[in-house]
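*Asks:* Fold the following.
(one chain, ligands or ions: 1)
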Amino acid sequence: MHSNEDICGLNLLTIKSTMNPDTTTVTDKKVKIAVAKGDGIGPEIMDATLKILEAAGASIQPEYIEIGENVYLSGNTSGIQEEAWNIIDEAKVILKAPITTPQGKGYKSLNVTLRKSLALFSNVRPVNALHPYVQTNFPKMDVVIIRENEEDLYAGIEHQQTQEVVQCLKLITRPGSEKIVRYAFEYAQAYGRKKVTCMVKDNIMKLTDGLFHQVFKEISAEYPDIISESQIIDIGSARLAANPENYDVIVTSNLYGDVISDIAAEIAGSVGMAGSANVGLNVAMFEAIHGSAPDISGKNIANPSGLLNGAVMMLSHIGQTEVADKIKNAWLTTIEEGYHTADIFQEGQSVKKVSTSEFAEEVIARLGQKPKQLKESKLASGAGTINIPSYERKVVDKKLVGVDVFIDWSGSNPDEIGNNLHAVNSAKMKLKMITNRGVKVFPNGLKETYCTDHWRCRFVSSEAIIQTGKPHYPTVEYDHVLTLLTDLSNAGFDVIKTENLYEFGGKRGFSLGQGE
Ligand code: NAD
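*Replies:* Residues are numbered from 1 along each chain as shown. Model (predicted):
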């Protein structure tokens, strides 16, 4: 899979360069799409979706790939076969039904594998109310959640460090944050949206969420016509749940985005209805937001709308916006006229309870019609393009000023480990403080603070001046760190890991301990 970090013009929803090269001539040549029928209700809703696409005149050529439960159970823990990668590589566009991940036995999440392997950095989930046809308390809700898809706690780097403590690494990068925040503003601009809200928790995670927020501030300044605002994720998600109509586009990191996109879909009443796009610079994948629903599998009662909406986003992506509008408007008309699958059927509101295949027939019968109450889809009449410039790495000074040494120690008295560490006579470095779970416990800790067996011991240059209001940390050579580690090991300390302390461009690149 080649990578393209150049300027990418996104067509309506997504990036032009991710399109199969054939898509420039969509009218005369069919576009290859890698199609995964998935597990559970997957094959039923995929058949219904493809039938509608075909009837609407979508110019696509499905290339079927096998992924999911059968592949897992055949002993392949990644859930995807080699041939599937080749087809994806050629097609660059995937339409995927939900799959079942078997429980236990170390099976890896195929969704996470696909997102990361194919660098699908942006998860785009439009969620809007279909009031009064689908039950919701928020009839005017119309939100797009743009979630970073590759980083954060989902990098999947976890370790058990001591008997009592496990750790998960939260990775937020500048290139990743720039790409997703830029995508959100470009999306808002292309789709005529008015406001982008950033959700972070940088009052606590000052470096990681702080970087995401900083990038948001920098990039928002380039879009003066779009209102930008930032909210702390806890109050932000509470407000989203209480007043979703106040939001337009939301951009956030992976974990927060995972949570709030489900909240949004749930309160819109559309968990079975919403589609989503996973967009990269080279490949894009489209799907429903729900899972494989094994409880209703094989009964021909599942709602195919989520996958169909994913497919509409896909058609927009490959430039077939007129067909996308035709399908979306027929679908809206079907919903409006009360032909509903069991999951959204409401006595008094719905006209007929239909099966999966009947629903597809009803949509097909309305191709060419437009909704009377719900907002008509007008993708073809013009969204702009989305540009993601290549990342430019700036040169910044980097200075090593110390090291945090993590020690596994089963004692409970911080003064004991602190005084023992002080006694280690390492010529060039001295102990500054010790924290336990981030709280300073030495020197001068509080006796109430609960301590585990995981001690973070901060060492700086023995020449550091740390008693004044403005501490000064002289440069430390890495050799000094190595000598310190040898000295600690010789003194019998169980060193489990280290984190170097750097200043970047003269700014502290590490957090202080609580109470430091
Ligand atoms: P689920 O979304 O499959 O089902 C939750 C509930 O919603 C069930 O009651 C189900 O019947 C209902 N439902 C879901 N889609 C529906 C539809 N289209 N029409 C009508 N009702 C629908 O979530 P789950 O039960 O937690 O997960 C089942 C399996 O799906 C698990 O193996 C999980 O790992 C997998 N999963 C896959 C994806 C994906 O492939 N993108 C996403 C989520 C879950």
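
*Asks:* alpha carbons only for contacts and neighbour counts from here, please
*Replies:* Fine.

*Asks:* Can you identify each of the strands in the stretch 101-250 of the chain by residue range?
*Replies:* For the stretch 101-250 of the chain, the strands defined by DSSP state E, counting those that start in this stretch occupy 122-128, 142-148, 158-160, 166-168, 195-200, 227-232, 249-252.

*Asks:* Pick out the residue in the stretch 101-250 of the chain sitting closest to the ligand.
*Replies:* Closest approach between the stretch 101-250 of the chain and the ligand, counting by CA to the nearest ligand atom: residue 101, at 4.5 Å.

*Asks:* what about that residue, how many residues close to it?
*Replies:* Residue 101 has 22 neighbours, counted by other CA atoms under 10 Å.

*Asks:* shouldn't it be in contact with residue 112?
*Replies:* No - using CA atoms under 8 Å, residue 101 is not in contact with residue 112, being 11.6 Å away.

*Asks:* any idea how far residue 447 is from residue 30?
*Replies:* Remark: distance between residue 30 and residue 447 (CA to CA, to the nearest Å) = 72 Å.

*Asks:* okay, those two: which has more neighbours?
*Replies:* Using other CA under 10 Å as the criterion, residue 30 and residue 447 rank with residue 30 on top: 15 against 10.

*Asks:* burial of residue 134, as a residue count?
*Replies:* Neighbours of residue 134 (other CA under 10 Å): 23.

*Asks:* what is the residue lying closest to residue 477 once chain neighbours are set aside paired to in the beta sheet?
*Replies:* In space, and not counting its chain neighbours, residue 477 is closest to residue 400: 7.1 Å by CA to CA, 6 or more residues apart in numbering. In this entry, residue 400 is beta-bridged to residue 502, by DSSP bridges.

*Asks:* quick thing: my sequence starts at 150, can you match it?
*Replies:* New numbering, starting at 150: the last item is residue 549.

*Asks:* I'd like the distance between residue 549 and the ligand.
*Replies:* 43 Å (CA to the nearest ligand atom, to the nearest Å).

*Asks:* Would you enumerate the residues in contact with that residue?
*Replies:* Contacts here follow CA atoms under 8 Å, 6 or more residues apart in numbering; on that basis residue 549 touches 624-627, 649-652.

*Asks:* from these, which single one is nearest the ligand?
*Replies:* Checking the contacts of residue 549 against the ligand with CA to the nearest ligand atom, the nearest one is residue 649 at 38.2 Å.

*Asks:* ok, the nearest residue to residue 324 once chain neighbours are set aside - how many residues close by?
*Replies:* Leaving out its chain neighbours, the residue that sits closest to residue 324 by CA to CA, 6+ apart is residue 540, at 6.1 Å. By other CA under 10 Å, 14 other residues sit near residue 540.

*Asks:* Under a three-state scheme, what state does residue 540 occupy?
*Replies:* Assigned by DSSP: H, G, I helix; E, B strand; the rest coil, the conformation of residue 540 is coil.

*Asks:* Likewise for residue 628?
*Replies:* Applying three-state DSSP to residue 628 yields a three-state assignment of helix.

*Asks:* and for stretch 391-400, what are the contacting residues?
*Replies:* With contact meaning CA under 8 Å, 6+ apart, stretch 391-400 is reached by 287, 289-297, 329-330, 333, 337, 342-348, 389, 406, 413.

*Asks:* let's see it at 7 Å
*Replies:* 287, 289-296, 330, 333, 337, 342-348 (CA atoms under 7 Å, 6 or more residues apart in numbering).

*Asks:* just the buried members of those residues?
*Replies:* 287, 290-296, 330, 333, 337, 342, 344-348 (16 or more other CA atoms under 10 Å).

*Asks:* and the nearest residue to residue 193 once chain neighbours are set aside, what element?
*Replies:* Of all residues not flanking residue 193 in the chain, residue 449 sits nearest, at 6.7 Å (CA to CA, 6+ apart). Using DSSP states H and E, residue 449 maps to neither a helix nor a strand.

*Asks:* contacting residues around residue 449?
*Replies:* The contact partners of residue 449, by CA under 7 Å, 6+ apart, come to 193, 504-506.

*Asks:* Those residues of the chain touching the ligand, which are they?
*Replies:* For the chain, the residues in contact with the ligand (CA under 6 Å from any ligand atom) are 247-250, 421, 438-442, 444-445, 451-453, 492.

*Asks:* tell me the least confident of those residues?
*Replies:* Minimum pLDDT across these is recorded for residue 421, with 77.

*Asks:* and that one, how many neighbours?
*Replies:* Look at residue 421: counted by other CA under 10 Å, it has 20 neighbours.

*Asks:* now residue 476
*Replies:* Residue 476: 31 neighbours (other CA under 10 Å).

*Asks:* wait, it sits on residue 516?
*Replies:* Yes - when contacts are counted by CA atoms under 7 Å, residue 476 is listed as touching residue 516 (6.4 Å).

*Asks:* what is in contact with the two at once?
*Replies:* Applying CA under 7 Å, 6+ apart, one finds that residue 476 and residue 516 are jointly contacted by residue 205.

*Asks:* where do the helices sit along the stretch 250-399 of the chain?
*Replies:* Using DSSP state H, counting those that start in this stretch, the helices of the stretch 250-399 of the chain run over residues 259-266, 323-339, 357-369, 382-391.

*Asks:* Tell me which of those helices is the most buried.
*Replies:* Most buried of the helices of the stretch 250-399 of the chain, by mean neighbour count (mean count of other CA atoms under 10 Å): helix 323-339, with a mean of 23.

*Asks:* Residues in contact with that one: which ones?
*Replies:* By CA under 7 Å, 6+ apart, the list of residues contacting helix 323-339 from outside reads 161, 271, 295, 297, 343, 345, 361, 364-365, 368, 398, 400, 532-537, 540.

*Asks:* 6 Å - rerun?
*Replies:* The contact list for helix 323-339 (CA atoms under 6 Å, 6 or more residues apart in numbering) reads 297, 361, 532-535.

*Asks:* any idea how far the residue nearest the centre of the chain is from residue 185?
*Replies:* Centroid-nearest residue in the chain, with CA atoms, centre = their mean: residue 298, separated by 2.8 Å. Distance of residue 298 to residue 185, given as CA to CA: 20 Å.

*Asks:* Next: residue 642.
*Replies:* Between residue 642 and residue 185 the computed distance is 53 Å (CA to CA).
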